[in-house]
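1. give the three-dimensional model of this entry:
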Amino acid sequence: MTLVKNLLEHIAAFPDKKSRELASASLERITRLSDLNSLEIITQKWEALLAERDLNYLPRMQQLAQSRSSDISQLLDQIEAMLCSSESQQQLAEMAETVVASLTPSLAQTLDDEIATISYTLQNSPELLYQSEIQQDLKKLIEKRIRIDKEEVKERILSLDEILSEVSSKIVNLIDNTTVGVEKVREVKRELQTIDKNSGDFETIKQKLLKIADTLEFETKQLGEIMSKEDMIISQMQQKIKKLESALKKAKQESKVDFLTGLVSKRGLDEELNRVDKSYRRYHIPYSIGFFDIDHFKNINDTYGHEAGDLILKQLGKLFLELKRDVDIIGRYGGEEFLAILPNTPLEGAQVFAEKIRSRVEAFRFVYKGAEVPVTISAGVASCTEFDLQKALIEEADRRLYEAKRNGRNQVRPPLKVTA
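-> Sure thing, here's the model as predicted:
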């Protein structure tokens, strides 16, 4: 009986409600046990509890722990070790950074404070991503960001629609007024055709001519008054049209896509640089950049012609697009110079990427009109964590590029350290 009591006392401490309650009740009955009938009742209750128990938790725990041990304590230790492993924590941290980066609004700026709060929370405690409450908060914030961005786009399009609608209305009015004038001229022509010069009734001819003259004078005066009233509005619309044409021309010139290489244009690169730098300042998401420049490009143009130079630029654009990650932004910075923006990438990662580009360009066969054109590229990379200001970051990456040029070209600066 002492052994039974000891077992029940241990079971009463189990983290299982039904087992704990039954063990406590059984201890109480055994303490005041008076006959075998009470013992039989306790036995039946334990048999019923064991019959309904689901013991499948052990295989599930073994699967989670990747172990065949039947010791629950050992399995729990193994599961805890897996959850707390550095690899798991690193994956969680990277996942949190990706989530934070995806929250940055593309147009509206009204959610900055909310995003900053949840970004700070996730970056300091990435394991909160497992909590349903945080997941719901993220879902609501993303839905809110999409809704606000849509409203911003709708407002901007509405402003342009108002201008276009006004232009259309004035053009329609002008056409209508011109049509009236033409119809009156046609009536005058028909009136002239009805005059019979051989009738001999000069007074009738005179009256018809006077009527025609009055009609022409009236219509001309009326049209002049209409045109005078519309002149100011037309002049205003012409100015708006000129501004729209100028803006359209400028937009084409400053398009975010470089027409020759298919990469991001200088304007697009400037916008992306400001975006990733803002994310770094506010959300502590680091980034690196790399400048690339084709070696002896002027000599290539002088030797093979500018058409060959353009073909090389196009092919380089394809190589950049092939080797970059989805999150990377690469564009033509000007002439034969390119800029790569690498989010969530330390300096060493930027060096690896730049060396990959350099070696691929060196090995690639550039052919123009049957002749192979030797092409190499130099690069300089830098990380935002090295500098306080974005301007200093850009200047240092550019300086390292020209250091690579001065040291013989076809190389990356700073060079990637090769570990033995």
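2. I285 in helix, strand or coil?
-> Under the three-state scheme (DSSP: H, G, I helix; E, B strand; the rest coil), I285 adopts coil.
3. tell me the pLDDT at it?
-> Per-residue pLDDT puts I285 at 91.
4. find me the pLDDT at the nearest residue to it once chain neighbours are set aside, would you?
-> Leaving out its chain neighbours, the residue that sits closest to I285 by Cβ to Cβ, 6 or more residues apart in numbering is S279, at 4.6 Å. For the C-beta atoms, the positions are set from N, CA and C on the backbone; glycine is no exception. Here, the pLDDT recorded for S279 equals 92.
5. number of nearby residues for S279?
-> 21 (other Cβ atoms under 10 Å).
6. I'd assumed it was in a helix, is it?
-> Yes - applying three-state DSSP, one finds S279 inside a helix.
7. that one against P286, yeah?
-> No - contact criterion Cβ atoms under 8 Å: S279 and P286 do not qualify, at 9.3 Å.
8. in the stretch 51-200 of the chain, where is pLDDT below threshold?
-> For the stretch 51-200 of the chain, the stretches with pLDDT under 70 are 51-58, 60-62, 64-73, 75, 77-89, 101-112, 153, 156-200.
9. let's go with 80 and repeat that
-> Low-confidence segments of the stretch 51-200 of the chain (pLDDT under 80): 51-124, 126-130, 141, 145-146, 148-200.
10. show me where the chain has its helices.
-> 2-11, 17-31, 36-52, 57-65, 72-83, 86-103, 112-124, 132-193, 202-253, 266-283, 297-304, 306-323, 347-363, 390-406 (DSSP state H).
11. quick one: pLDDT of I212?
-> So I212 comes in at 63 (pLDDT).
12. same question, V352
-> Value for V352, per-residue pLDDT: 97.
13. look up the closest residue to it, ignoring the ones flanking it.
-> Per Cβ to Cβ, 6+ apart, closest to V352 is L416, 6.4 Å.
14. isn't the one you found right next to A350, touching?
-> No - the criterion here is Cβ under 8 Å, and L416 misses it with A350 at 9.6 Å.
15. the more surrounded of these two?
-> Neighbours were tallied for L416 and for A350 using other Cβ under 10 Å; the higher tally belongs to A350 (26 against 14).
16. would you agree the more buried one is in contact with Y287?
-> No - A350 sits out of contact with Y287 when judged by Cβ under 8 Å, with a separation of 9.0 Å.
17. now do the shared contacts for the two.
-> Residues touching both A350 and Y287 (Cβ atoms under 8 Å, 6 or more residues apart in numbering): 342, 383.
18. got the contact list for T345?
-> 286-288, 353, 383 are the contacts of T345 under Cβ under 8 Å, 6+ apart.
19. need those residues in a markdown table with distance to L141, can you?
-> Formatted as a markdown table, the contacts of T345 follow (distance: Cβ to Cβ, whole Å):
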| residue | distance to L141 |
| --- | --- |
| P286 | 23 |
| Y287 | 23 |
| S288 | 28 |
| F353 | 32 |
| S383 | 29 |
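20. by neighbour count, which of those residues wins?
-> Going by other Cβ under 10 Å, S288 tops the contacts of T345 with 27 neighbours.
21. who's that residue bridged to?
-> Beta bridges link S288 to L342, S383 when assigned by DSSP bridges.
22. got a list of what it touches?
-> 342, 345-347, 349-350, 381-384.
23. what pLDDT does E254 get?
-> So, for E254, pLDDT stands at 57.
24. before we move on, what about the one 3 residues further on?
-> You'll see V257 listed with a pLDDT of 90.
25. skipping adjacent residues, who's closest to it in space?
-> Using Cβ to Cβ, 6+ apart and skipping residues adjacent in sequence, the residue nearest V257 is S265, 5.9 Å away.
26. give me the number of residues near that neighbour?
-> Residues within reach of S265, counting by other Cβ under 10 Å, total 21.
27. is it true that it touches I329?
-> No - S265 lies out of contact with I329 (Cβ under 8 Å); the separation is 11.3 Å.
28. please report how far K243 lies from M237.
-> Distance from K243 to M237, counting by Cβ to Cβ, to the nearest Å: 11 Å.
29. what about the two, which has more around it?
-> M237 (17 against 11).
30. give the buried residues for stretch 387-404.
-> By 16 or more other Cβ atoms under 10 Å, the buried positions in stretch 387-404 come out as 390, 393-394, 396-398, 400-401, 404.
31. I misspoke; the intended subject was stretch 18-34.
-> Buried-residue list, stretch 18-34, by 16+ other Cβ under 10 Å: 19, 22-23, 26-27.
32. from those residues, pick the one nearest T98.
-> Distance to T98, by Cβ to Cβ, is smallest for S19 among the buried residues of stretch 18-34, at 43.3 Å.
33. L141 - how many residues pack around it?
-> Neighbourhood size, L141 [other Cβ under 10 Å]: 16.
34. doesn't I118 make contact with it?
-> Yes - with contact defined as Cβ under 8 Å, L141 counts as touching I118 (6.5 Å).
35. buried residues in stretch 270-277, which are they?
-> 270, 272-273, 275-277.
36. contacts made by it with the rest, please.
-> So stretch 270-277 is in contact with 104, 256, 264, 285, 287, 289, 329, 331, 341, 343, 384, 390, 394, going by Cβ under 8 Å, 6+ apart.
37. the fourth one and E97 touch, don't they?
-> So the one you mean is I285. Yes - under the criterion of Cβ under 8 Å, I285 makes contact with E97 at 6.1 Å.
38. hey, what's in contact with both of the two?
-> Listed as contacting both I285 and E97 by Cβ under 8 Å, 6+ apart are N344.
39. what about K140, how many residues nearby?
-> 11.
40. apologies, that question was intended for Q74.
-> Neighbour number of Q74 under other Cβ under 10 Å is 13.
41. out of the buried residues of stretch 387-404, who's nearest K318?
-> For the buried residues of stretch 387-404, the minimum distance to K318 (Cβ to Cβ) is 21.8 Å, reached by L401.
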